[in-house]
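Undergrad: the amino acid sequence is not available; the structure is as follows:
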């Protein structure tokens, strides 16, 4: 990871925003810029310097991980230390902070630790995020890791096809999936594994329960792994037994919508257009009401990143973005179906990172 | 869970704070007060009413879970809807919010959604948390769940004693533990499982790696499960092979410190006194420097709650608190040892909730 390049790109944005200093406290931003993976730190950036503050627990780890910033070990709050450091840097007359990741209480504390003359105007809330637009566009190193994470997800899905059968409890399915993920090197799961079977498949966020998988009906598996900090995300819906005509038809509609969404992904296309490509298929099938969420979202160091692939979203896709395409339908008391891939935006089109089969699997 | 009683107790605190309304957005607080377990909601409380705002995904779940408040499904931000609802309640001239769990950006958004005359003074940052002091004292229902969660932890430790052996990778240990936890009903782990063996046991937060357990040396397991929303937390350190005299001596010192800490737990005692009871033993053994963290912390719906059992802490223990007692020593490059129990404060003394053996286990 070329952290110096990333910090350089951030400095250009900082200058454009008319700021001479920046406080970074959101940990995924901080990891992106510096490589630090600990749970307590703050990063201060000026036009010429970058300094990371953390506590004694992370002394050796920070020395190993952080090359593009100086490391300072502090015994009090790293963020307060970073603010105080910024305040005494030459030619730094203001420092931006991220209002979306700074609590009201933290801001009060930062200000009370500044000299009186700086309390009112030194800290400036950013009008727009500065690090997020950089993180949005994955570089080659990031794409390599995310490809690996996505493929690990596919390997897990394949493994689960040999494990699931009617009568097994949903939580046993989640347990097996997470166990195998660990054994294959995942640092963790990127969100709470969704195992929703039978009528429960109609819950978009069905946590695994102690209910047994049915002899007949859908099973939705939505899960992701974390590999080197990056999240994967995929969903497949399979069927136990022989689907009824209505169920098969609904599955085909979701699959067609999902493939239309993937096919719409291309550099320069708006997120709203991708959403509409998927949504229009379900609308045509009379399933518009049953598709109650957005078509997808960005993914990376966090499981939900910008852009949002939702109705009317004007953000244009750019090469290097990685998004999910995951239309679904939910018919309360009956069944639900969702199919999700991770898709990387290239110079021309969208490249699927999760090549697991999508045709209806009957078990 | 008697949510009406909890909301009643909160109203008394609200009155004492001179407020006529309260916005609750921190999800563990909201769950404590209403029973709602979803991931997106806000709760508004006045002297006579309580109303929970959530989105369409949680319609049926909120109806099932929430009895002590009215539920309103909204299509925009639940927190903004709650603020707007508070602003039009009769006799509500101000509403408190929690500055430690409200971002600067959220506060700006709340204010911009209020009528002009209310923007400046309607929302008041709480000077001290109002819900936290209630959550601190666990009621009988909570103690029953936490006892169950802690015992599940002990059962897992016992299971792991039959699984661990030299040559197995740390991540395989974590995978087995988490898998079995799921099968025995855990909703998840309450934090990233720590499996730190050999020289890595000297890392207080050693994530499981692909390193193999050593033929000779310590292994620290620090883990917790989530059961009905409540966290357990326990640590045991075992030894592979025959410990050297120095290692055995160090283990005995930590064990003595841990038991002194537990013995010091009693209603009315300060947290600083409990910390000192454990710390003084390690100081006597010349290990004061190696004990680089606090003795313990409160635990409940969150893995880290108040009070902090640290040096000089003046907070007095009260019946119903549940805290961890977890002294440890960390000798970089050599080894580390930590022993941790969950302890419930009763009217008289401290009752251990994690009765797994603590005498040094040699495997």
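TA: Looks like it came in fine. Keep in mind that this is a model prediction, so the values were computed, not measured.
Undergrad: which residues in chain A form helices?
TA: A:3-16, A:27-34, A:59-65, A:78-87, A:104-112, A:132-136, A:140-161, A:170-183, A:245-264, A:271-284 (DSSP state H).
Undergrad: which one of these lies nearest to residue B:22?
TA: Evaluated with CB to CB, those place helix A:104-112 nearest to residue B:22, the distance being 15.3 Å. Any C-beta I mention is one placed from the backbone N, CA and C, and that applies to glycine too.
Undergrad: helix B:104-112 and that closest one, what's the angle between them?
TA: Between helix A:104-112 and helix B:104-112, the angle comes out at 110 degrees (axes from the mean of the first three to the mean of the last three CA atoms, to 10 degrees).
Undergrad: report the angle between helix A:104-112 and helix A:78-87.
TA: On the basis of the same axes, to 10 degrees, helix A:104-112 is oriented at 40 degrees to helix A:78-87.
Undergrad: how about residues contacting helix A:104-112?
TA: For helix A:104-112, contacts defined as CB atoms under 8 Å, 6 or more residues apart in numbering or on different chains pick out A:23, A:25, A:77, A:79-80, A:83, A:97, A:102, A:119, A:123, B:97, B:99-100, B:102-104, B:107, B:125.
Undergrad: which of these are buried? Put it as a PyMOL command.
TA: The following PyMOL line selects those of the contacts of helix A:104-112 that are buried, judged by 16 or more other CB atoms under 10 Å in any protein chain shown:
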select buried, (chain A and resi 23+25+77+79+80+83+97+102+123) or (chain B and resi 97+99+102+103+104+107)
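Undergrad: show me which residues of the stretch 51-200 of chain A are close to chain B?
TA: A:56-57, A:60, A:97, A:99-105, A:107-108, A:125, A:171-172, A:174-176, A:178-179, A:182-183, A:185, A:187-188, A:192 (CB under 8 Å from any CB of the partner chain).
Undergrad: buried subset of these?
TA: For those, buried by 16+ other CB under 10 Å: A:57, A:97, A:99, A:101-105, A:107, A:171-172, A:174-176, A:178-179, A:182, A:187-188.
Undergrad: determine how far the last residue of stretch A:68-77 lies from the first.
TA: Counting by CA to CA, to the nearest Å, you get 22 Å between the two ends of stretch A:68-77.
Undergrad: restricted to strands, list the contacts of helix A:104-112.
TA: Using DSSP state E, the members of the contacts of helix A:104-112 that fall within strands are A:23, A:97, A:123, B:97, B:125.
Undergrad: which residues does the first one bridge with?
TA: By that I understand residue A:23. On the basis of DSSP bridges, residue A:23 is bridged to residue A:44.
Undergrad: redo the helices of chain A as a markdown table? Include mean pLDDT and distance to residue B:251.
TA: Listed next are these as a markdown table, based on pLDDT from 0 to 100; distance: least, CB to CB, whole Å:
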| stretch | mean pLDDT | distance to residue B:251 |
| --- | --- | --- |
| helix A:3-16 | 96 | 41 |
| helix A:27-34 | 98 | 34 |
| helix A:59-65 | 90 | 24 |
| helix A:78-87 | 98 | 33 |
| helix A:104-112 | 97 | 40 |
| helix A:132-136 | 96 | 45 |
| helix A:140-161 | 97 | 39 |
| helix A:170-183 | 95 | 29 |
| helix A:245-264 | 97 | 56 |
| helix A:271-284 | 98 | 57 |
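Undergrad: looking at those helices, spot the one closest to residue B:8.
TA: Checking the helices of chain A against residue B:8 by CB to CB gives helix A:104-112 as the closest, at 26.9 Å.
Undergrad: how about residue A:297, what does it touch?
TA: Counted by CB under 8 Å, 6+ apart, residue A:297 has contacts A:304, A:305, A:306, A:307, A:308, A:309, A:323, A:324.
Undergrad: can you tell me which of those end up in strands?
TA: If you go by DSSP E, the contacts of residue A:297 have A:305, A:306, A:307, A:308, A:309, A:323, A:324 in strands.
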